[in-house]
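J.: no FASTA, just this:
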C-alpha cells in the first residue's frame, strides 16, 4: 500500500485498514440501532489504544461489541468518535491503509487515506459501565455449535417483551440449544458443558452476524462477572491473524421453560417430505388462507393437513368453507391406522423447511399433539397445532 497523499502535521496515533474500519462501523450501527435520542453517548464508538493494539467498542448498554486490531504505530489514547461518521467515511472504500493522527486542535483527530483527509471532533470517553474485558478467558467454551446451524434456533426466538425468558436461546441438558416463542420450538445439536443459561436475542443476532468471520464452528459461554450484583455475562469471540471480534452481553435473568414436557415421546405416523416442492406448495396454498375472521380481525394464516398413512393433503379455507386442496407426494416410514385433520401456522411450517435440501421427516400422533420436523443436520422443530 502506498503512503497517503494528503498531509497532516499531527502525530500518528495508529494506523489500520479501511475494510476492517468499515466492518466495525457497520456492526456498530446494527448493535446501536433503535437507541433513544436521549442516549446520545451510545451513538459513539469508544477507541482505546495501548502497546500494539487498538480496541474499538460499541454498546447499547445491554450488548458490547469490540474489535481488536494489531497496529504498527500506537499511541496510548482513549477517546470517542461518532459511529455514523466512521460509517460514512469508509463506506465503499476498498482496502486502503488509514492513518489516525492528532488534529490541529487537541479535540480534533485527522483520518487520512489516499487523497482524502477527514477532521473529526474527538470526544472524551463517556461514563459508561464497561465489562472488565481482561476478565474473560476466551478459551473457556460452554456451548459449541456448527456455524451454519444457529440461525435455525434464532427463527423461533420470541419477540414478546413481556416474556423475557423466551427472548433468546437456552442450552438445555440432553436436548441442545433451544428457542421457543410458546407456539413452536427449534432445537439445534451442540456440544455443551453448562446448561440453563439464557443468551438474549440481541446477543444471538449479532453473534450470527460476526460468525461470518470464522469458517467452522462457533463457541460461546457465560460466567459470573460481578459477584456483588450476581450478574452473568455472556461472551463470544472470533478472530483471524490480525483482527479479533468479541461480544459481551448481560444474560437473561429468568428461568427457561421445561421444554422436555412438549417433546413427543413416540409417533403414530412418520413420513418424509421433499422440502423444496413442499415449500412451493405451501406458498401457493398460503394465498388462499384466511387473513381475517368474520369480524375483520387479523388471523394467523392456518393450513390444514389431511394426514393418512400414504398421503398428505394441504387444505386452505375461508372461515369454515374449504376452498383449496393440494396433495403432495410423501414417503411413508411408519403408516397409521386412521386419517385426521390438523391445523398449522403456515409461516412456522415454511420456517421449519428453510435452507434444507434433503428430505425432512415429519412425525404425527393426532390432531392435538405437536408435529416434529427432523432435518438432515439433526436439528428439529416442534410446532403446536391450531384448533380447526
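T.: Yep, it's here. Predicted model, so just to flag it, every value in this text is computed and none were measured.
J.: report the buried residues of the helix-or-strand element of the chain with minimal mean pLDDT.
T.: Across the helices and strands of the chain, mean pLDDT, DSSP states H and E gives its lowest value to strand 217-226, namely a mean of 77. Taking 16 or more other Cβ atoms under 10 Å as the basis for neighbour counts, the residues of strand 217-226 that come out buried are 218, 219, 220, 221, 222, 223, 225. Every C-beta, even on glycine, is put in place using the N, C-alpha and C of the backbone.
J.: so can I have a markdown table of those showing distance to residue 62?
T.: Output for the buried residues of strand 217-226, formatted as a markdown table (distance: Cβ to Cβ, whole Å):
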| residue | distance to residue 62 |
| --- | --- |
| 218 | 20 |
| 219 | 21 |
| 220 | 16 |
| 221 | 18 |
| 222 | 14 |
| 223 | 17 |
| 225 | 14 |
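J.: so which elements touch the least confident helix or strand of the chain?
T.: Contacting strand 217-226 under the criterion 3 or more Cβ pairs under 8 Å, 6 or more residues apart in numbering; DSSP states H and E are the following elements: strand 143-146, strand 231-239.
J.: tilt between that strand and strand 231-239?
T.: Between the direction of strand 217-226 and that of strand 231-239, the angle (axes from the mean of the first three to the mean of the last three Cα atoms, to 10 degrees) works out to 150 degrees.
J.: partner strands of strand 217-226, with direction?
T.: Sheet pairing of strand 217-226 (DSSP bridges) gives strand 143-146 (antiparallel), strand 231-239 (antiparallel).
J.: chain center to that strand: distance?
T.: Distance, stretch centre to chain centre, for strand 217-226: 16 Å (Cα atoms, centre = their mean, to the nearest Å).
J.: stretch 16-30 now?
T.: Distance, stretch centre to chain centre, for stretch 16-30: 19 Å (Cα atoms, centre = their mean).
J.: cool, stretch 167-179 as well?
T.: If you compare the mean C-alpha spot of stretch 167-179 with that of the full chain, they lie 14 Å apart, counting by Cα atoms, centre = their mean.
J.: show me which positions of it end up buried.
T.: Neighbour counts using 16+ other Cβ under 10 Å place 167, 168, 169, 170, 171, 172, 175, 176, 177, 178, 179 of stretch 167-179 among the buried residues.
J.: from residue 158, how far off is the first one?
T.: Pointing back at residue 167 there. Taking Cβ to Cβ, to the nearest Å as the measure, residue 167 and residue 158 are separated by 6 Å.
J.: with the fourth one instead?
T.: Between residue 170 and residue 158 the distance is 12 Å, computed by Cβ to Cβ.
J.: got it, and the second one?
T.: If you measure residue 168 against residue 158 using Cβ to Cβ, the figure is 9 Å.
J.: swap in the third one?
T.: Between residue 169 and residue 158 the distance is 11 Å, computed by Cβ to Cβ.
J.: any stretches of the chain with poor pLDDT?
T.: Low-confidence segments of the chain, defined by pLDDT under 70, are located at 1-8, 35-38, 124-141, 224-230, 241, 290-299, 309, 318-322, 388.
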